Structures are given as structure tokens and as C-alpha cells.
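Peer 1: Sharing a model prediction with you, sequence too.
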Amino acid sequence: MSETRWKLTDIPVIQGPMAGGYTTAELVSAVSNSGGLGSIGAGYMSPESLRLLIQKVKALTAKPFAVNLFIPTSPAVDLLQVERMKKLLLPFYREVGMDSVPELSYDPGLFQKQFAVVLEEKVPAFSFTFGCLKPSEMAALKSQNVFIMGTATSVEEALYLQAQGCDAVVAQGLEAGGHRGSFLDGKFPLLPAHKLVQDSVSQLQIPVIAAGGIVNKADMHTMLSAGAGAVQIGTAFLVCDESGASREYRDLLLKGKPEDTELIKVFSGRWARGLSNRFSREMKIHEADTPDYPIQHWLTTPLRKKAQESGRTEFQSLWSGQGLGALRACSVAEYMASLRQ
């Protein structure tokens, strides 16, 4: 039976660590200052940018906050597959004013550099997804008394993360927005958050954090009643004043409904829940021949960046959970107060 008592913050609420520039220093610090745990979604950040953001958060709050990173995956690069995908992407690139698909470019050592910054900056809490830390990395964090959280989409993954030394496990239900954290044996579990929490709590000795479709106080208490020690909320924070989400993205979230989301592979090469749009619909027939993450992610990054700059939401990855229809635009302090009342 898990130790459900949550001791890290005043309110058992973690702001989801959404990568892509949405977790501004203002957002993260406001969550922490309101009694929750703010989280920097640093999966794609350069080490230099991450260091500056951590330091800015520290200047805005004395409360605990977390940094989240992606465990690196190293798929084999199929050059013919990459060329096929570039041909498919070229018409989309031309629509945003680019005459070619940029050459594949990414840093295979990015995680190690990011992780070094996390250690040097001595962050209070650390979370990760897409796998598990190496024993040496886990030991380095523990030597600094960092609170460590891993992401699981099944009880088997949760038990694995507990055995590796995690202090808590984020139970990611099928309703959750963004990338799926599945990592064991090539399996892709899709369990409702409530069931995943109940099943995990019955077998774990560490806190289980519920994630997926949680928007309001009633959602939160449903998960806490199921045994969760805390909840992790993502999409609702995207429409808060302090978020880094664009006005166009926020508008789509605010008027969206649960059925507007789907699991999408063609943006990044890894399944993720987001709002259906023209790119996801037109590229859907090519899912089976999509290069694995992070290759597809880097192939589409310049397209998505250009689309964001010009407000073209039809070519952006608009990650969203299924808690749509109950979102409201407000400040972090107002939103956190609604969870506390």
C-alpha cells in the first residue's frame, strides 16, 4: 500500500512540466508561491537556457519547484525513411514560407548536458519521462536530497520506477495531454487515470501522483479519494495568464471539447494526446512510416516553430488533455485558490 501522504507542498498539486516554452518562470514560481509544485518542462531546452530559467525561478520563489527532462532514446536512423518523410513534409514547409525541409540536426548528448545543469543548480525536485534514470544519475540526485518522480503508464512501470529509487510515481492516464511516458517492453498501455491510480496504490509503497484530465477541485478529490498522494495538472495551466502558450493555442483550448483531442504520432514519432488539426489529419495515413522519436520531432520542429510565429495553428502540435470544456482563463493564483477552497 502506497504512502499516500504528500509532504512536498501545501496543496497536493503539481503543475505539469510541459516542454516547448510553456512553463515560464512566472508560471512555475506562481504555482509554487500558491502552495503547489511548479515544474519547468525542459525536455527541449539548451543547457544555457535551462540554467537561466532555473535561476529566474529561484529569484521569484523560495518554495520548492521541479525540473523535468526526457530520458534519451537512440533509435536507428533509416535514411530512406527520413527522405520519404521530408518529401511528405515539404508541402507543409512551403505553406509557411520555407522552400525546403532543413537537414536533420540534433544533439545526442543534450540530456547529459541538461542533467549536469540540474545537478549544478541543486533543484529541489526532479521528474522524468520516457524511461528511467541510470543508477549513477539517481545516486547523484539522492546525494543532494532531490525529490525524484518518474512517469508510469502501467503498474509494471510504476513498480519498476519504485525499485529504481523514485520517491513518487506519476501515474499517467489515457486522458493526459502530451507525450505518453510508456517505456517497458515496447508496450503502450492506455489505462484511465482513476484505474491506474487505484491499481498502483494497492501495490506501491511510495506516493502515486494522478495525471490525466484533471481540471477542477472535484476532479482532484476524485483522484485523492482513489488513493493518489497528489495530482498533476497540465492543460488547465496552459490557459493561465502566466503561461507561455500563444493566444491562438489558448483560444482553441478554451473552446475545445474532450472529443477534440486524439493520440497523434506524426508530429514527433511518439504517441501524444493533442488537439486534432489539419496536419494531424492529413499525415495520419503515414503513421506507420513515421520515423521514431526524436527523429520525427526534429524533422517537424522548424515547421512548428514557423507556424507558431505566424499563428498558424493547423501546423502546430497543440498538446491537450481530455479535461476540455471546464477550462477558464485566469491567473495562477486564482486557479490555485479554486483548488484550495
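Peer 2: That came through fine. Numbering: from 1, shown residues only.
Peer 1: so where's the longest helix in this structure?
Peer 2: Longest helix in the chain by number of residues (criterion: DSSP state H): helix 79-95.
Peer 1: Give me the distance between the helix or strand that that helix is followed by and the centre of its chain.
Peer 2: With elements assigned by DSSP states H and E, the helix or strand that comes after helix 79-95 is helix 110-121. Here helix 110-121 is found 18 Å from its chain centre; the criterion is C-alpha atoms, centre = their mean, to the nearest Å.
Peer 1: still on that earlier bit, give me the contacts around the longest helix of the chain.
Peer 2: 99-101, 104, 279, 283, 286, 289-291, 295-296, 299-300, 302-303, 306, 312, 315 (C-beta atoms under 8 Å, 6 or more residues apart in numbering). C-beta: built from backbone N, CA, C; applies to glycine.
Peer 1: buried subset of these?
Peer 2: 101, 279, 283, 290-291, 295-296, 299-300, 302-303, 306, 312, 315 (16 or more other C-beta atoms under 10 Å).
Peer 1: Residue 327 touches residue 237, doesn't it?
Peer 2: No. At 9.8 Å, residue 327 and residue 237 do not qualify as touching, with contact defined as C-beta atoms under 8 Å.
Peer 1: who's more crowded, those two?
Peer 2: residue 237 (27 against 23; other C-beta atoms under 10 Å).
Peer 1: ok, now which ones touch the closest residue to residue 140 other than its chain neighbours?
Peer 2: Excluding the flanking residues, the one nearest residue 140 by C-beta to C-beta, 6 or more residues apart in numbering is residue 119, at 5.8 Å. When contacts are counted by C-beta under 8 Å, 6+ apart, residue 119 touches 140-141, 144.
Peer 1: and with 10 Å instead?
Peer 2: Residues near residue 119 by C-beta atoms under 10 Å, 6 or more residues apart in numbering: 126, 137, 140-141, 143-144, 146.
Peer 1: what do you get for residue 194?
Peer 2: Counting by C-beta under 10 Å, 6+ apart, residue 194 touches 171, 173, 175, 210, 212-213, 219, 222-223, 225-228.
Peer 1: hang on, the earlier thing: tabulate the buried ones among the contacts of helix 79-95 (TSV), appending pLDDT.
Peer 2: TSV is the format used below for these (pLDDT from 0 to 100):
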residue	pLDDT
101	96
279	98
283	98
290	97
291	97
295	95
296	97
299	97
300	97
302	96
303	98
306	96
312	96
315	98
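Peer 1: Nearest to residue 323, out of the residues you listed: which one, please.
Peer 2: Each of these was checked against residue 323 using C-beta to C-beta; the closest is residue 279, at 23.1 Å.
Peer 1: Quickly find the element holding that closest one.
Peer 2: For residue 279, the element it lies in under DSSP H and E is helix 278-283.
Peer 1: try residue 184
Peer 2: Going by DSSP H and E, residue 184 is not part of any helix or strand.
Peer 1: per-residue pLDDT, the residue nearest to it when sequence neighbours are not counted?
Peer 2: In space, residue 184 comes closest to residue 157 once its chain neighbours are excluded; the distance is 5.1 Å by C-beta to C-beta, 6+ apart. Here, the pLDDT recorded for residue 157 equals 98.
Peer 1: quick one: average pLDDT of stretch 46-57?
Peer 2: The average of the pLDDT scores along stretch 46-57 is 98.
Peer 1: next one: stretch 183-201
Peer 2: Per-residue scores along stretch 183-201 average to 95.
Peer 1: Now that stretch: buried residues?
Peer 2: Quick answer for stretch 183-201 (16+ other C-beta under 10 Å): 183-184, 189, 191, 193-194, 196-201.
Peer 1: got it, and stretch 36-56?
Peer 2: Along stretch 36-56, these residues count as buried under the neighbour rule (16+ other C-beta under 10 Å): 36-45, 47, 50-51, 53-54.
Peer 1: One more: stretch 319-331?
Peer 2: Within stretch 319-331, the residues that qualify as buried are 319-324, 327, counting by 16+ other C-beta under 10 Å.
Peer 1: got the residues you listed as JSON lines, with pLDDT, secondary structure and distance to residue 18 columns?
Peer 2: As requested, the buried residues of stretch 319-331 are arranged in JSON lines below (pLDDT from 0 to 100; DSSP: H, G, I helix; E, B strand; the rest coil; distance: C-beta to C-beta, whole Å):
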{"residue": "319", "pLDDT": "98", "secondary structure": "strand", "distance to residue 18": "7"}
{"residue": "320", "pLDDT": "98", "secondary structure": "coil", "distance to residue 18": "10"}
{"residue": "321", "pLDDT": "98", "secondary structure": "coil", "distance to residue 18": "10"}
{"residue": "322", "pLDDT": "97", "secondary structure": "coil", "distance to residue 18": "15"}
{"residue": "323", "pLDDT": "96", "secondary structure": "coil", "distance to residue 18": "14"}
{"residue": "324", "pLDDT": "97", "secondary structure": "coil", "distance to residue 18": "15"}
{"residue": "327", "pLDDT": "97", "secondary structure": "coil", "distance to residue 18": "14"}
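Peer 1: If we only consider those, which is nearest to residue 162?
Peer 2: Nearest member of the buried residues of stretch 319-331 to residue 162, counting by C-beta to C-beta, is residue 321, at 24.7 Å.
Peer 1: thinking again about what came up before, so which two of the buried residues of stretch 36-56 are the farthest from each other?
Peer 2: Farthest pair in the buried residues of stretch 36-56, by C-beta to C-beta: 36 and 47, 26.5 Å.
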